[in-house]
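Engineer: Model the following, please.
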Amino acid sequence: MKLQQLRYLREVVRRGLNVSEAAEALYTSQPGISKQIRMLEDELGVQILIRHGKRVVDLTEPGRIIVDIADRMLQDAESLRAVGREFGTEDTGTLSIATTPTQARYALPGVVKRFIERHPRVKLSLREGSPEQILELVTTGAVDLGIVTESYPNIESLVMLPCYQWNRAVITQADHPLLKEKPLTLEAIARYPIVTYDFAFNPESPIRKAFDARNIKTNVALTAVDADVIKAYVELGVGVGLLAKMAFDAERDSALRLIDAGHLFEASTTRITLRRNAYLRRYGYDLIELFAPHLSRAVVEKTMRGPGTDYEL
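Structural biologist: The predicted structure is shown next:
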């Protein structure tokens, strides 16, 4: 059994059982991948893929188990290489983070500045995306860690480490009638078109829950991933904005006004997410602690050891 065979198998599964796409992604040939997977099946003595002619149509039952084990073996192999890199090159390397635009723009700059001062030889990479995209990047190992800002069902392969809680605000044009609503209510917000995050009206979102609990219908005029995009459209008069309070800068956003809406919605928690049992270099633990001082290396390592040890605020 070779790790290359496991990589081929994993990529075929990732590409929706499309061997041609897997071959293109791995810069190899389709016959080469097919041959190596058949050799793996012969060695293990079980059929992994269900084929119809030249097409792969599904995984067998043992195939599903083998793919899960192969994924863990490949992650462990990468961890072994990372150990060698860490102790062979002191404090050099890369650290990749997936996060939302709001976190990247408003929560991370100070942390990143301090991290670079401490680790000038580490190349830091930030990838922005929606919460769903971030979880996918962490799950597949495309990034070292993710920073997500909404709650999600328990994912066994991931660890979620709570960092801090935050809530929302309404932003409007400087002369908007909503500014006269004292106190601000959900009913008053719903009278106007809403501009907010893509994920704001997902079933588990505090925004969706708050309006649904009162049977209030809303008119969502536009959604976006980026808070700055939301503010730009509010400034144009498309609607009132509903976004994280941290994303408003009174000096930078002088054409807009903020109304605190924390009393209307349940608070959300920003979490760092990691693959369970993944290897993280020392400077990775350092960045986590800079972002959330209560998350020391000892706390993170204990939480990553296995199911049933998730850390809570």
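
Engineer: which residue ends up closest to the midpoint of this structure in space?
Structural biologist: residue 134 (2.2 Å; CA atoms, centre = their mean).

Engineer: what about that one, distance to residue 29?
Structural biologist: The gap separating residue 134 from residue 29 is 33 Å, by CB to CB, to the nearest Å. Where you see a C-beta, it was placed from the backbone N, CA and C, and this is true even at glycine.

Engineer: what do you get for residue 53?
Structural biologist: Taking CB to CB, one finds residue 53 at 19 Å from residue 29.

Engineer: Who has more neighbours out of those two?
Structural biologist: The residue with more neighbours, out of residue 53 and residue 29, is residue 29; 13 against 6, by other CB atoms under 10 Å.

Engineer: Next up, the contacts around the more buried one.
Structural biologist: Counting by CB atoms under 8 Å, 6 or more residues apart in numbering, residue 29 touches residue 23.

Engineer: Run a quick neighbour tally on residue 155.
Structural biologist: Neighbours of residue 155 (other CB under 10 Å): 14.

Engineer: so the residue nearest to the centre of the chain sits right up against residue 148, yeah?
Structural biologist: Yes. With contacts counted by CB atoms under 8 Å, residue 134 reaches residue 148, the gap being 5.3 Å.

Engineer: Can you pull the residues that touch both of the two?
Structural biologist: Joint contacts of residue 134 and residue 148 (CB under 8 Å, 6+ apart) are 99-100, 273.

Engineer: who wins for most neighbours among those?
Structural biologist: Top of these by neighbour count (other CB under 10 Å): residue 100, with 28 neighbours.

Engineer: and the residue nearest to that one when sequence neighbours are not counted, what does it touch?
Structural biologist: Counting by CB to CB, 6 or more residues apart in numbering, the nearest residue to residue 100 once its immediate chain neighbours are dropped is residue 149, at 5.6 Å. Residue 149 makes contacts with 100, 102-103, 131, 166, 244, 268, 270-271, as judged by CB under 8 Å, 6+ apart.

Engineer: So which of those sits lowest on pLDDT?
Structural biologist: Lowest in pLDDT among the contacts of residue 149 is residue 131, which has 87.

Engineer: quick revisit: nearest to residue 261, of the contacts of residue 149?
Structural biologist: residue 244 (10.5 Å; CB to CB).

Engineer: and that closest one, what does it touch?
Structural biologist: 102, 106, 149, 166-169, 227.

Engineer: For it, name its beta-bridge partners.
Structural biologist: When bridges are called by DSSP bridges, residue 244 pairs up with residue 168.

Engineer: about what we covered before: dump the contacts of residue 244 into JSON lines; add distance to residue 200 as well.
Structural biologist: Output for the contacts of residue 244, formatted as JSON lines (distance: CB to CB, whole Å):
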{"residue": "102", "distance to residue 200": "12"}
{"residue": "106", "distance to residue 200": "17"}
{"residue": "149", "distance to residue 200": "11"}
{"residue": "166", "distance to residue 200": "14"}
{"residue": "167", "distance to residue 200": "13"}
{"residue": "168", "distance to residue 200": "9"}
{"residue": "169", "distance to residue 200": "13"}
{"residue": "227", "distance to residue 200": "11"}
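
Engineer: can you map out the strands along the chain?
Structural biologist: 49-52, 55-59, 93-99, 122-128, 145-148, 158-166, 168-173, 194-197, 220-224, 240-244, 256-260, 268-275 (DSSP state E).

Engineer: Looking at these, which is nearest to residue 41?
Structural biologist: Taking those one by one with CB to CB, strand 49-52 is closest: 7.6 Å.

Engineer: ok, and what's touching that closest one?
Structural biologist: Contacts of strand 49-52 (CB under 8 Å, 6+ apart): 12, 17, 37, 41, 56-60, 63.

Engineer: which regions of the stretch 201-313 of the chain lie under the pLDDT threshold?
Structural biologist: 306-313 (pLDDT under 70).

Engineer: Show me the helices in it, by range?
Structural biologist: 206-213, 227-235, 282-291, 297-304 (DSSP state H, counting those that start in this stretch).

Engineer: between the third one and helix 297-304, how big is the angle?
Structural biologist: Regarding helix 282-291 and helix 297-304, their directions subtend 100 degrees when assessed with axes from the mean of the first three to the mean of the last three CA atoms, to 10 degrees.

Engineer: would you put the C-alpha positions of helix 282-291 in PDB?
Structural biologist: Coordinates of each C-alpha in helix 282-291 appear next as PDB, following Å, rounded to 0.1, in the frame of the first residue of the first chain:
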ATOM      1  CA  ARG A 282       4.300  26.400  17.600                       C
ATOM      2  CA  TYR A 283       3.600  29.700  16.000                       C
ATOM      3  CA  GLY A 284       0.100  28.500  15.200                       C
ATOM      4  CA  TYR A 285      -0.700  28.200  18.900                       C
ATOM      5  CA  ASP A 286       0.900  31.600  19.400                       C
ATOM      6  CA  LEU A 287      -1.500  33.200  16.900                       C
ATOM      7  CA  ILE A 288      -4.500  31.600  18.600                       C
ATOM      8  CA  GLU A 289      -3.500  32.900  22.000                       C
ATOM      9  CA  LEU A 290      -2.900  36.400  20.500                       C
ATOM     10  CA  PHE A 291      -6.500  36.300  19.100                       C
END
